[in-house]
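A.B. asks: need a structure here:
(one chain, ligands or ions: 1)
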Amino acid sequence: MFNITIKDTYDEVSAEAFKIMKEVLSGDHTPVLGLATGSSPVGLYKEMIRDHEENGTSYKDIITFNLDEYIGLPRDHRESYWTFMHVNLFNHVDIPDENVHVPLGCGEDPEADCAAYEAELAKYTADVQVLGIGSDGHIAFNEPGCPFDSVTHIMDLTEQTRRDNARFFDNDINQVPTKAATMGLASIMRAKKIIMIATGENKADAIYGMIKGPKTVDCPASILQDHPEVYVFLDKAAASKL
Ligand code: F6R
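C.D. replies: Prediction:
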């Protein structure tokens with residue numbers, strides 16, 4: 001069930017998304033948060049930092065699980081998702097590092113690391129999962145063709161995803177890792193609520209596929225048609241094909 005909000009600017013989109021996050025943060029128990037990286041949630045994270053600074057909202061008991069991590073990047077690499085989350089959120093709130101979970105992309109046995117991540121995730125239920133969407137319809141790094149019953153696994157990144165993400169790697173696709181460890185689609189669907197943020201014209205086809213297209217592994221985000229509570233925050237460009 002999609003609840004769609006369309007706003008003019010990215011800042012307005014982020015502020016609207018924060019309203020749902022704030023409800024979760026103010027609920028009757030300390031929440032478990034599923035978090036995403038990439039450009040889309042940065043404004044939401046800024047709102048969370050502002051709220052922490054201005055209102056004293058504490059993260060000291062909050063548990064977080066991130067969606068994914070590039071395979072082959074050490075955690076301290078400038079473009080690892082571990083680094084991204086620390087720069088854009090964790091370093092600015094009072095969350096202890098032991099409460100933070102990001103898939104390991106640099107271990108000796110990535111398959112075993114994925115299984116261990118899924119086992120840890122299975123101990124919790126995320127109160128909310130933040131998502132962006134790839135221009136090819138991926139959520140987390142579940143690329144087209146990925147089965148709907150997938151759990152945390154290693155995924156080959158498509159050429160399109162690597163091209164899209166080259167902007168973080170000196171615009172050089174050859175520097176973009178070819179694989180990622182990612183929560184699966186079934187792992188994501190367990191979250192109680194979903195916040196999906198998408199802006200820009202290059203997301204319009206994927207957003208159409210997610211909401212109005214057939215439910216198919218060709219558009220992994222279309223699995224969200226089966227989720228009971230998906231809040232979708234878009235600008236007009238991302239909503240232009242709806
Ligand atoms: C990131 C992730 C990806 C991104 C997607 C959109 O953790 O899981 O699915 O959400 O690639 O990326 P941006 O927001 O950079 O356009």
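
A.B. asks: sec struct for Ala221, please.
C.D. replies: helix (DSSP: H, G, I helix; E, B strand; the rest coil).

A.B. asks: Ile133 is in contact with Ile211, isn't it?
C.D. replies: No - between Ile133 and Ile211 there is no contact under C-beta atoms under 8 Å: 10.7 Å. (Glycine included, C-beta is placed from N, CA and C.)

A.B. asks: show me which of the two is the more surrounded one.
C.D. replies: Ile133 (25 against 21; other C-beta atoms under 10 Å).

A.B. asks: separation between that one and Thr57?
C.D. replies: Counting by C-beta to C-beta, to the nearest Å, the gap between Ile133 and Thr57 amounts to 27 Å.

A.B. asks: spell out which residues of the protein are next to the ligand.
C.D. replies: By C-beta under 6 Å from any ligand atom, the residues of the chain that approach the ligand are 36-40, 67-68, 132-134, 138-141.

A.B. asks: could you redo the last one with a cut-off of 8 Å?
C.D. replies: Neighbours of the ligand within the chain, by C-beta under 8 Å from any ligand atom: 35-41, 66-68, 81, 131-135, 138-141, 161, 164-165, 182, 197-198, 200, 203.

A.B. asks: can I assume Ala166 is in contact with Asp172?
C.D. replies: Yes - in terms of C-beta under 8 Å, Ala166 counts as a neighbour of Asp172; the distance is 6.1 Å.

A.B. asks: give me the neighbour count for the closest residue to Pro41 other than its chain neighbours.
C.D. replies: Of all residues not flanking Pro41 in the chain, Val130 sits nearest, at 5.2 Å (C-beta to C-beta, 6 or more residues apart in numbering). Per other C-beta under 10 Å, the neighbour tally for Val130 reads 26.

A.B. asks: residues making contact with the helix or strand where Val130 lies?
C.D. replies: If you go by DSSP states H and E, Val130 is part of strand 128-131. Residues from elsewhere that reach strand 128-131 (C-beta atoms under 8 Å, 6 or more residues apart in numbering): 17, 20-21, 24, 31, 33-36, 41, 44, 67, 139-140, 188, 191-197, 221.

A.B. asks: what residue lies at the spatial centre of this structure?
C.D. replies: Centroid-nearest residue in the chain, with C-alpha atoms, centre = their mean: Ala36, separated by 2.6 Å.

A.B. asks: for that residue, which residues are in contact?
C.D. replies: So Ala36 contacts Asn66, Leu67, Gln129, Val130, Leu131, Gly132, Ala140 (C-beta under 8 Å, 6+ apart).

A.B. asks: would you mind listing the buried residues in the helix or strand of the chain with the lowest mean pLDDT?
C.D. replies: Confidence across the helices and strands of the chain bottoms out at helix 159-165, with a mean of 95, counting by mean pLDDT, DSSP states H and E. Neighbour-count burial for helix 159-165 flags Thr161, Arg162, Asp164, Asn165 (criterion: 16 or more other C-beta atoms under 10 Å).
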